[in-house]
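Peer 1: Sequence first, predicted coordinates after that:
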Amino acid sequence: MSAVKRIAVLTSGGDSQGMNAAVRAVVRSALYHGIEVYGVQRGFQGLLKDDLFPMDLRSVGDIIQRGGTILQTARCKEFMTPEGQQRGAEVLRNRGIDGLVVIGGDGSYQGAYKLSKLGIRTMGLPGTIDNDIPFTDFTIGFDTAVSIVVDAVNKLRDTMTSHERASVVEVMGRHCGYIALYAGLASGAETIIVPEVPHDIDAIAQRMSDNFKAGKRHSIVIVAEGAASGNEIAEQITSRTGIEPRVTVLGHIQRGGSPTHNDRILASRLGDFAVRRLMEGDSGKGCGIINGELVATDIETIVNTKKPFDLELYNLALRLSQ
Ligand code: ADP
Ligand code: F6P
């Protein structure tokens, strides 16, 4: 016996590649178990407007490979008020919906947590390129975003090497340096600047200058937007060394395109898991995969915990970038 008979799914906050694969998994898994599913348009904004529609097997056909989200996403200030949250819960109750899957980042998790406190059975799925949600090794979209950055750095390297230049690449990550860390390690960047670790611009500039003098033909600096802007770092390097790095701000390109197989598989496993947990009567949890194992953690704990930064990988990247 399932604890839920009719559930809804929404995507919220910044989109990420693999959100569609997660929506597909939620819908197909629920239908497989005989549970009705509604899609909510435009996240919590659509919820407040009662903008819901029934989803069937075909409504999620041909989307596993698509970036973006077919449910659309939004940021909704009204939902941040207690009145807005009451209204959201009321809409779901009026429609006889007894479970909700929220796919989004930390802000969306806050919204999911508030709804669960109002008695709505809610499960969160970590959909953000930033990989800043704790209690999961990776978030849906992170792998694709890192691949995009690595591909861009490969291209930049070609032209930087020809001209014996330095390149500063600004990547996303408002409060989190995971994209910079993984992309930096995978692309052999000389310097990785993240919000979690203080950086010494004098030492960075000096090292770049010394490395060029010692025969290095290019220098790649990856900076997470939350630590500094690419232009800022380039200007500081120029004023100290005379080297004029070229700056590339990758911006929203990192949030688009077809998800990698890792993101599709992560999204598929997590979407199915969220449905099964709802069926078992679970609520107020965020789903994740840690060391290959599916886990559900209290959303309250998730929203009150900062994801630890992987200093071991950061130090490895430093050691290898001589
Ligand atoms: P993300 O989920 O990508 O971190 P946001 O931080 O913009 O994106 O959050 C998405 C939406 O989640 C917000 O527009 C708002 O509707 C809802 N939300 C964010 N924080 C809260 C909160 N503290 N309480 C209730 N809802 C919230
Ligand atoms: O999804 C998270 C994120 O990618 C951050 O790294 C970035 O700062 C932010 O979204 C920008 O999103 P938007 O332009 O949609 O506000």
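Peer 2: Arrived safely, thanks for sending. Ligands and ions are numbered 1, 2, ... in the order given.
Peer 1: number of nearby residues for Ile63?
Peer 2: A count of nearby residues for Ile63, using other C-beta atoms under 10 Å, gives 17. Yep, even glycine has a C-beta here, placed from its N, CA and C like the rest.
Peer 1: Now do the SS call for the residue lying closest to it once chain neighbours are set aside.
Peer 2: Counting by C-beta to C-beta, 6 or more residues apart in numbering, Asn20 is the residue found nearest to Ile63 once chain neighbours are left out, at 4.1 Å. Under DSSP: H, G, I helix; E, B strand; the rest coil, Asn20 falls in the helix class.
Peer 1: Count the neighbours of Asn20 for me.
Peer 2: 28.
Peer 1: before we move on, what about Glu83?
Peer 2: Glu83 has 10 nearby residues by other C-beta under 10 Å.
Peer 1: and it, how far is that from Lys77?
Peer 2: Using C-beta to C-beta, to the nearest Å, Glu83 is found at 12 Å from Lys77.
Peer 1: ok, and for stretch 67-80, which residues are buried?
Peer 2: Across stretch 67-80, burial judged by 16 or more other C-beta atoms under 10 Å covers 67-74, 76, 79.
Peer 1: Put the alpha carbons of stretch 15-29 into PDB.
Peer 2: What follows is stretch 15-29, C-alpha atoms only, in PDB (Å, rounded to 0.1, in the frame of the first residue of the first chain):
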ATOM      1  CA  ASP A  15      17.900  25.400 -13.800                       C
ATOM      2  CA  SER A  16      20.400  22.700 -14.400                       C
ATOM      3  CA  GLN A  17      21.100  20.000 -17.000                       C
ATOM      4  CA  GLY A  18      19.400  16.800 -15.900                       C
ATOM      5  CA  MET A  19      16.300  18.400 -14.400                       C
ATOM      6  CA  ASN A  20      14.300  17.000 -17.300                       C
ATOM      7  CA  ALA A  21      15.800  13.500 -16.700                       C
ATOM      8  CA  ALA A  22      14.700  13.900 -13.000                       C
ATOM      9  CA  VAL A  23      11.200  15.000 -14.000                       C
ATOM     10  CA  ARG A  24      11.000  12.000 -16.300                       C
ATOM     11  CA  ALA A  25      12.100   9.600 -13.600                       C
ATOM     12  CA  VAL A  26       9.600  11.000 -11.100                       C
ATOM     13  CA  VAL A  27       6.700  10.800 -13.600                       C
ATOM     14  CA  ARG A  28       7.500   7.300 -15.000                       C
ATOM     15  CA  SER A  29       8.300   5.800 -11.600                       C
END
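Peer 1: Quick one, grab the pLDDT at the most centrally placed residue in the chain.
Peer 2: Compute the mean C-alpha point of the chain, and by C-alpha atoms, centre = their mean the closest residue is Thr128, 1.8 Å away. Here the pLDDT value assigned to Thr128 is 98.
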